[in-house]
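Engineer: I would like to see how this sequence folds:
(chains A, B, C, D, E, F and G)
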Amino acid sequence: MKIKPLGDRVVIKKIEAEEKTKSGIVLPNSAQEQPQISEVLALGEGITGDDKKKDTIKVGDRVIASKFSGTEVKLDGEEYTIIKLNDVLAIVE
Amino acid sequence: MKIKPLGDRVVIKKIEAEEKTKSGIVLPNSAQEQPQISEVLALGEGITGDDKKKDTIKVGDRVIASKFSGTEVKLDGEEYTIIKLNDVLAIVE
Amino acid sequence: MKIKPLGDRVVIKKIEAEEKTKSGIVLPNSAQEQPQISEVLALGEGITGDDKKKDTIKVGDRVIASKFSGTEVKLDGEEYTIIKLNDVLAIVE
Amino acid sequence: MKIKPLGDRVVIKKIEAEEKTKSGIVLPNSAQEQPQISEVLALGEGITGDDKKKDTIKVGDRVIASKFSGTEVKLDGEEYTIIKLNDVLAIVE
Amino acid sequence: MKIKPLGDRVVIKKIEAEEKTKSGIVLPNSAQEQPQISEVLALGEGITGDDKKKDTIKVGDRVIASKFSGTEVKLDGEEYTIIKLNDVLAIVE
Amino acid sequence: MKIKPLGDRVVIKKIEAEEKTKSGIVLPNSAQEQPQISEVLALGEGITGDDKKKDTIKVGDRVIASKFSGTEVKLDGEEYTIIKLNDVLAIVE
Amino acid sequence: MKIKPLGDRVVIKKIEAEEKTKSGIVLPNSAQEQPQISEVLALGEGITGDDKKKDTIKVGDRVIASKFSGTEVKLDGEEYTIIKLNDVLAIVE
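Structural biologist: Model prediction:
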C-alpha cells in the first residue's frame, strides 16, 4: 500500500540513527543525542503544484521535523508520519 | 436515506480491516496496528465545485483521516463520519 | 410569532424520529441511534442573498447539524434552534 | 441621557414578557419558557452607514440575542444592553 | 505632563458621578447603579487620521467603555485609562 | 554593545522617576504611583521604513508601555526592554 | 552534517559569553546577567529570497532571540536552535 498525502502534507519515515557509545552499545534513538532525522517519502500536490514550495523540499531529503507534530500511521508493519510542510524545520545535508 | 455533505465536507465510512494474528484470531480494528482506513462515500459541493480541490479526492478513495475529527452519524443502522476535507490526511493506494 | 434569522443563520426544528424497538416501544429521540435530524424553517439573508450559498440549502430540507451548536429558543411552546450555516453538516435525502 | 452605540453595536432593552400560568400567576421572565426578546433602541453608524447591514435591522425591531453577550448598562434607572450586531440572532415578527 | 495616545487608542478619565440617595448620602461610583461614564481627553492619530473613524468620536465626548479594558495610568496624581477605540461601546448624550 | 531591534520593535529603557514623599523619602519606582515611563533608544526598520509608522514615534520620546510586554535584556550592566510598537500605549509630553 | 532551515527560519548557535566575577570565577551563561546572545549560522529561503526580509539579517550576525522559542537540535555533538525570524528580537552590534 502507498500513502499519497493530501494538500501541503509530507509523508516521512524516521531514519534509525545508529549511535554507538565508546563501549560499543547501540543506543536506541530516543536516548541518543542526535535529533530525530527522517526521510521524505511523499509530497502532497499542495507542495509539488505550488511554485513557491515545490523547490524547497524533495522526496529523499533528510529532514528535522518539529516534535509532536503530525499523525503517526502504521501500514503493513512500517511506521510513517504525515505532517504539514510547515512542521518541517530544516533539511540536513 | 442518503447523506449529502455541505461545503467542503466529506462523508466517509470505516473499512473494517480484518487482521488475523498467526493464531487465526481476528483482531478488532482498534487493537490492530493498521491505521483507520475509510472509504469516501460523498463529497460536498465545496469540493466538487472548486477547481483546486475537485481533483484531489474522489468517491471510492480509501483515506486516512486525522483522529478525533468530524461528527459520527448513525443512519439506518450504518455508521458514517462527516469530516472536513482538511481533516483527510492522505489517500492509500 | 415568526423567527427571521439574521446573517448566515438558519432556523431549524428537530424532527422527532419515531423508532420502535421490536417489542413496539417508542424510543425517545435521545436514546435512539438515529442522528438528530432537523427541518429547515428559515434562512437568513446572508444565505439567500449570497450566490455561493443560496443553492446549497433550502427551507424544508432535512439536515444534520453539529452537536452543541447554535442557540435553543422556545417560542409559543415550540422549540427551535438558531444555528450558523457552517454548523449544518449535511442534508439527508 | 441617550446612548449612542459606536461601530456595529446595537442598544437593546429587554421586553418584560408577561406570562400567566393557568392559575394566573405572572411568571418573572427568567422562569418563563419564552426566549429573552428585546427591543432595538439604537444602531451604531457601523450598521446604518453600511449598505450590506443597514437593511437587516431597524430601531423598534424585536430581537433575540445570543445569551451572555454584550455589556449591561443602567442609566437613569433603566437597564440597557449594548451588543454587537453579530450577537443578534434573529428578529421576531 | 500630557498623554498622547498612539495608534487607535483613546485617553479617558472617569467622571465621578455624584449620586445622592434620598437620605442625602453621596454614593461612591462603584456602589452606584450608574454605568461608569468617562470623558475623552485625547485621541490617537490612528483615529483622527482615519476618515472612517475620525467622525465617530471627539475630545470631550462622554463615553461608556467595556469593563476591564485598557491600562490604568496615574500621572501627576490624576488617574487616566488608555483604551482601544474598539473598547468604547457608546457615547452618552 | 548596541541593540538594533528587528521588525517593528522598539528598544526602551526605564526612566527612574524620583518621587519624594513630603517627608523627603525617595520612593523606588515600583512603589510610586507614577506609571512606568521609559525612553525610546532605538526603532526597528519595520517602523522607520514604514510611512504610516515612522512619524508616530522617535528616538528620545518618553513613553508608557503596556505592562508585562516585551523581553527584558541586560547588556553591559544596563537593563533594556525590547517591545513591539503595538505595546507602546502613549507618548508623555 | 549541515542544517538548511526551511521557510523563514534561522539556525543560531549560542555564544558562550565568558563573564568573570571580580574574583575571577567564570560564570556559566545561565547565571550570568548577560542576555543569551547567539550567532546566525544559516537563513531559510523564506528570508534570503524575500526583498523585505533579506537585508534585515545576515549569517554571522549576533542576535538576541525571544526566550523559549524554536527547537533545540543536537548534531554531531554541537547544539543548535532553529527559530522563526519573528522570534529574533534584535541584532547586537
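
Engineer: Any part of the helix or strand hosting residue A:90 near chain B?
Structural biologist: In the assignment (DSSP states H and E), residue A:90 maps to strand A:88-92. No. Counting by C-beta under 8 Å from any C-beta of the partner chain, no contacts exist between strand A:88-92 and chain B, the nearest distance being 15.4 Å. For every residue, glycine as well, the C-beta is placed using N, CA and C.

Engineer: which residues are in contact with that strand?
Structural biologist: Applying C-beta atoms under 8 Å, 6 or more residues apart in numbering or on different chains, the set of residues contacting strand A:88-92 from outside is A:10, A:12, A:37, A:57, A:61-66, G:1-6, G:9, G:11, G:71, G:73, G:75, G:82.

Engineer: Show me just the buried residues among those.
Structural biologist: Among these, those scoring as buried are A:10, A:12, A:37, A:57, A:61, A:63-65, G:3-6, G:9, G:11, G:71, G:73, G:75, G:82 (criterion: 16 or more other C-beta atoms under 10 Å in any protein chain shown).

Engineer: From the residues you listed, which land in strands?
Structural biologist: Judged by DSSP state E, those include A:10, A:12, A:37, A:63-65, G:3-5, G:9, G:11, G:71, G:73, G:75, G:82 as members of strands.

Engineer: Quick check: of those residues, which lies closest to residue B:45?
Structural biologist: Among those, residue A:10 lies closest to residue B:45 (C-beta to C-beta), at 28.9 Å.

Engineer: surely the closest one meets residue A:57?
Structural biologist: Yes. Residue A:10 lies in contact with residue A:57 (C-beta atoms under 8 Å); the separation is 7.1 Å.

Engineer: Which pLDDT value does the model give residue A:92?
Structural biologist: pLDDT, residue A:92: 95.

Engineer: which residues does it bridge with?
Structural biologist: Taking DSSP bridges, one obtains residue G:3 as the residues bridged to residue A:92.

Engineer: what about it, neighbour count?
Structural biologist: 19 (other C-beta atoms under 10 Å in any protein chain shown).

Engineer: quick revisit: shared neighbours of residue A:10 and residue A:57, anything?
Structural biologist: When C-beta under 8 Å, 6+ apart defines a contact, the residues bordering residue A:10 and residue A:57 alike are A:40, A:43, A:47, A:85, A:88.

Engineer: Could you dump the residues you listed into TSV with distance to residue E:52 added?
Structural biologist: Formatted as TSV, the shared contacts of residue A:10 and residue A:57 follow (distance: C-beta to C-beta, whole Å):
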residue	distance to residue E:52
A:40	48
A:43	44
A:47	40
A:85	38
A:88	42
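
Engineer: Show only the entries of the residues you listed found in helices.
Structural biologist: Judged by DSSP state H, those include residue A:47 as members of helices.

Engineer: who wins for neighbours among the shared contacts of residue A:10 and residue A:57?
Structural biologist: Ranked by the number of neighbours (other C-beta under 10 Å), the shared contacts of residue A:10 and residue A:57 place residue A:88 first, at 26 neighbours.

Engineer: Contacts only, for residue A:64.
Structural biologist: Contacts for residue A:64 (C-beta under 8 Å, 6+ apart) come out as A:35-38, A:88-90, A:92, G:3, G:71, G:73, G:82.

Engineer: quick one: residue A:64 and chain C, what's the gap?
Structural biologist: Look at residue A:64 and chain C: by C-beta to the nearest C-beta, to the nearest Å, they are 37 Å apart.

Engineer: model confidence over stretch A:71-83, on average?
Structural biologist: The pLDDT scores in stretch A:71-83 average 91.

Engineer: List the contacts of residue A:39.
Structural biologist: Neighbour list for residue A:39: A:12-13, A:15, A:60-63 [criterion: C-beta under 8 Å, 6+ apart].

Engineer: try it again with 7 Å
Structural biologist: Residues near residue A:39 by C-beta atoms under 7 Å, 6 or more residues apart in numbering or on different chains: A:12-13, A:15, A:60, A:62.

Engineer: Run through the bridge partners of it.
Structural biologist: Applying DSSP bridges to residue A:39 gives these bridge partners: residue A:13, residue A:62.

Engineer: How confident was the prediction at it?
Structural biologist: 97.

Engineer: gap between residue A:2 and residue C:7?
Structural biologist: From residue A:2 across to residue C:7, the span is 45 Å (C-beta to C-beta, to the nearest Å).

Engineer: if we can go back for a sec, lowest-confidence one in the contacts of residue A:39?
Structural biologist: residue A:15 (90).

Engineer: closest to chain C among the contacts of residue A:39?
Structural biologist: Nearest to chain C out of the contacts of residue A:39 is residue A:12 (C-beta to the nearest C-beta; 32.2 Å).

Engineer: Please verify my assumption that the closest one contacts residue A:38.
Structural biologist: Yes. Residue A:12 is in contact with residue A:38 according to C-beta atoms under 7 Å; the separation is 3.9 Å.

Engineer: intersection of neighbour lists for these two?
Structural biologist: Taking C-beta under 7 Å, 6+ apart as the contact rule, residue A:12 and residue A:38 both touch A:63, A:65.

Engineer: how about the nearest residue to residue A:79, chain neighbours excluded?
Structural biologist: Among residues not flanking residue A:79 along the chain, residue A:72 sits closest, at 6.5 Å (C-beta to C-beta, 6 or more residues apart in numbering or on different chains).

Engineer: Check the gap between residue A:83 and residue F:62 for me.
Structural biologist: Relative to residue F:62, residue A:83 is positioned 48 Å away (C-beta to C-beta).

Engineer: ugh, wrong one, I meant residue A:87
Structural biologist: Applying C-beta to C-beta, the value for residue A:87 to residue F:62 is 44 Å.

Engineer: and if you look at residue A:71?
Structural biologist: Distance, residue A:71 to residue F:62, by C-beta to C-beta: 52 Å.

Engineer: How about residue A:7?
Structural biologist: With distances taken as C-beta to C-beta, residue A:7 is found 50 Å from residue F:62.

Engineer: cool, residue A:43 as well?
Structural biologist: Residue A:43 is 53 Å from residue F:62, where distance means C-beta to C-beta.

Engineer: cool, residue A:86 as well?
Structural biologist: Distance, residue A:86 to residue F:62, using C-beta to C-beta: 41 Å.

Engineer: what residues are up against the spatially closest residue to residue A:78 that is not a sequence neighbour?
Structural biologist: The shortest distance from residue A:78 to any non-neighbouring residue, by C-beta to C-beta, 6+ apart, is to residue A:13 (7.2 Å). For residue A:13, the contact set (C-beta under 7 Å, 6+ apart) comprises A:38-39, A:41, A:80.

Engineer: Just the buried ones from these?
Structural biologist: Among the contacts of residue A:13, the ones that count as buried by 16+ other C-beta under 10 Å are A:38, A:41, A:80.

Engineer: which residue packs closest to the second one, ignoring adjacent ones?
Structural biologist: With C-beta to C-beta, 6+ apart as the measure, residue A:11 is the residue that lies nearest to residue A:41, at 4.6 Å, once sequence neighbours are left out.

Engineer: give me every residue that touches that neighbour.
Structural biologist: Contacts of residue A:11 by C-beta under 7 Å, 6+ apart are A:3, A:5, A:41-42, A:80, A:82, B:90.

Engineer: For residue A:78, grab the count of nearby residues.
Structural biologist: Counted with other C-beta under 10 Å, the neighbours of residue A:78 add up to 11.

Engineer: thinking again about what came up before, and which of the ones in strands among the buried ones among the contacts of strand A:88-92 is nearest chain F?
Structural biologist: The closest of those to chain F turns out to be residue G:9 (C-beta to the nearest C-beta; 14.5 Å).

Engineer: wait, doesn't that closest one sit right on residue G:42?
Structural biologist: No. Assessed by C-beta under 7 Å, residue G:9 is found out of contact with residue G:42, at 8.7 Å.
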